[in-house]
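Engineer: What shape does this take:
(one chain, ligands or ions: 2)
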Amino acid sequence: MTKRIFAVLNQKGGVGKTTTSYNLAFAFSSQGRKVLAVDLDPQSHFAISLGLKDTDLSGMDSIFLDAADTDQYIINQRDGLDILPAGYRLGEIEKLSAKGKKQALIVRNALDSIKHRYDTIVIDCPPTSGLLNLNALYACDEVIIPVSSDYLALQGLSQLLRTLRNVRKYMDKPMKIWIALTRFTGRRRLSQEVRDRLLKYFPHQVLATPIRENAPVAESPSFGMSVIEYSPNSHGAQDYLALADDITQYRTMKA
Ligand SMILES: Nc1ncnc2c1ncn2[C@@H]1O[C@H](COP(=O)(O)OP(=O)(O)O)[C@@H](O)[C@H]1O
Ligand SMILES: [Mg+2]
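Structural biologist: Ligands and ions are numbered 1, 2, ... in the order given. Sure, this is the predicted structure:
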């Protein structure tokens with residue numbers, strides 16, 4: 001099994017980054033993979049959505065601020081699914097300006113010490129473009145950009161892709177960029193239009209399964225569950241399982 005490290009990233013808020021992170025993390029673990037969920041958003045919604053509701057946890061914040069060892073913060077949350085929490089002080093990091101490359105490599109170095117234990121790592125990113133996201137980009141091999149199917153969705157996407165390509169060039173490492181269509185309403189012309197345009201401009205990067213707008217997807221985090229556990233027969237569960245299959249079977253670093 002090849003080890004895969006994904007960052008779920010888009011500077012826009014509310015596009016389904018966290019929703020995609022925890023449902024994919026759960027879907028990958030249900031494929032029998034050992035998964036680590038890394039919560040890089042100070043709001044801690046990744047961990048909360050998987051049922052880790054403790055608000056005084058430490059995690060990525062101590063790794064950044066105190067140069068602490070990673071291992072002690074990892075929490076086993078499900079069979080084959082561990083969480084590295086954001087920690088309640090992670091918000092302080094975004095206020096720091098990056099001082100040299102060392103600060104941008106903190107997450108990557110933190111993961112280096114523990115990644116041998118996992119098949120798949122999923123990093124949920126904050127809706128900003130500061131030091132945390134820069135760290136996520138250095139730490140990952142693949143970026144998943146959730147794009148919601150509304151009329152402002154495409155705005156900023158070309159710019160984001162351009163920035164990511166420049167970052168990749170600057171970082172001088174391979175990095176795959178995938179686009180996941182979220183909050184898709186098949187009956188709405190607008191959703192279809194967004195999908196058509198994405199397929200036209202980025203045919204090789206758009207993941208095959210659009211995630212449909214679906215009430216159980218919005219409800220499941222308040223129960224601390226992925227939609228796959230909360231409502232296994234829902235569209236949301238079907239879509240996220242299909243998205244995970246698509247990624248593991250057909251989308252590789254070579255694809
Ligand atoms: N497929 C979906 N169907 C219904 N609600 C969704 C869906 N995807 C996301 N949402 C809801 O949209 C809101 C924003 O999603 P979220 O994942 O938190 O976005 P982000 O992390 O990008 O800010 C949340 O309330 C979430 O429950
Ligand atoms: Mg989020």
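Engineer: And the strands in the chain?
Structural biologist: Counting by DSSP state E, the chain has strands at residues 4-8, 35-39, 75-78, 81-84, 120-124, 142-148, 176-182.
Engineer: hmm, the last one touching ligand 1?
Structural biologist: Yes - contact of strand 176-182 with ligand 1 (C-beta under 6 Å from any ligand atom) involves Thr182. Every residue, glycine included, has its C-beta placed from N, CA and C.
Engineer: For the residue minimising distance to the centre of the chain, give its distance to Asp141.
Structural biologist: Centroid-nearest residue in the chain: Val8, 2.6 Å away (criterion: C-alpha atoms, centre = their mean). Distance of Val8 to Asp141, computed by C-beta to C-beta, to the nearest Å: 13 Å.
Engineer: so which of the strands of the chain gets nearest Asn133?
Structural biologist: strand 4-8 (8.0 Å; C-beta to C-beta).
Engineer: Work out the gap between the closest one and the centre of the chain.
Structural biologist: Counting by C-alpha atoms, centre = their mean, to the nearest Å, strand 4-8 is centred 6 Å from the centre of its parent chain.
Engineer: Against which helices or strands is it packed?
Structural biologist: Packing partners of strand 4-8 (3 or more C-beta pairs under 8 Å, 6 or more residues apart in numbering; DSSP states H and E): helix 17-30, strand 120-124, helix 131-139, strand 142-148.
Engineer: Contacts for it next, please.
Structural biologist: 17-18, 20-21, 24, 111, 115, 119-125, 133, 136-137, 139-146 (C-beta atoms under 8 Å, 6 or more residues apart in numbering).
Engineer: For ChimeraX, what selects the buried ones among those?
Structural biologist: Remark: buried members of the contacts of strand 4-8, expressed as a ChimeraX selection using 16 or more other C-beta atoms under 10 Å:
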select :17,18,20,21,24,111,115,119,120,121,122,123,124,125,133,136,137,139,140,141,142,143,144,145,146
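Engineer: Could you list which of the contacts of strand 4-8 also contact ligand 2?
Structural biologist: Lys17, Thr18 (C-beta under 5 Å from the ion).
Engineer: CSV please, covering the strands of the chain and showing mean pLDDT.
Structural biologist: Shown next, in CSV, are the strands of the chain (pLDDT from 0 to 100):
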stretch, mean pLDDT
strand 4-8, 98
strand 35-39, 98
strand 75-78, 97
strand 81-84, 98
strand 120-124, 98
strand 142-148, 96
strand 176-182, 96
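Engineer: What segments of this structure are helices?
Structural biologist: Applying DSSP state H to the chain gives helices spanning 17-30, 45-49, 60-65, 91-95, 101-104, 106-112, 131-139, 157-171, 189-201, 215-219, 227-230, 235-250.
Engineer: looking at those, which is closest to Trp178?
Structural biologist: Closest among the helices of the chain, once you apply C-beta to C-beta, is helix 235-250, at 7.4 Å.
Engineer: List the buried residues for the closest one?
Structural biologist: Quick answer for helix 235-250 (16+ other C-beta under 10 Å): His235, Gly236, Ala237, Gln238, Asp239, Tyr240, Leu241, Ala242, Leu243, Ala244, Ile247, Thr248.
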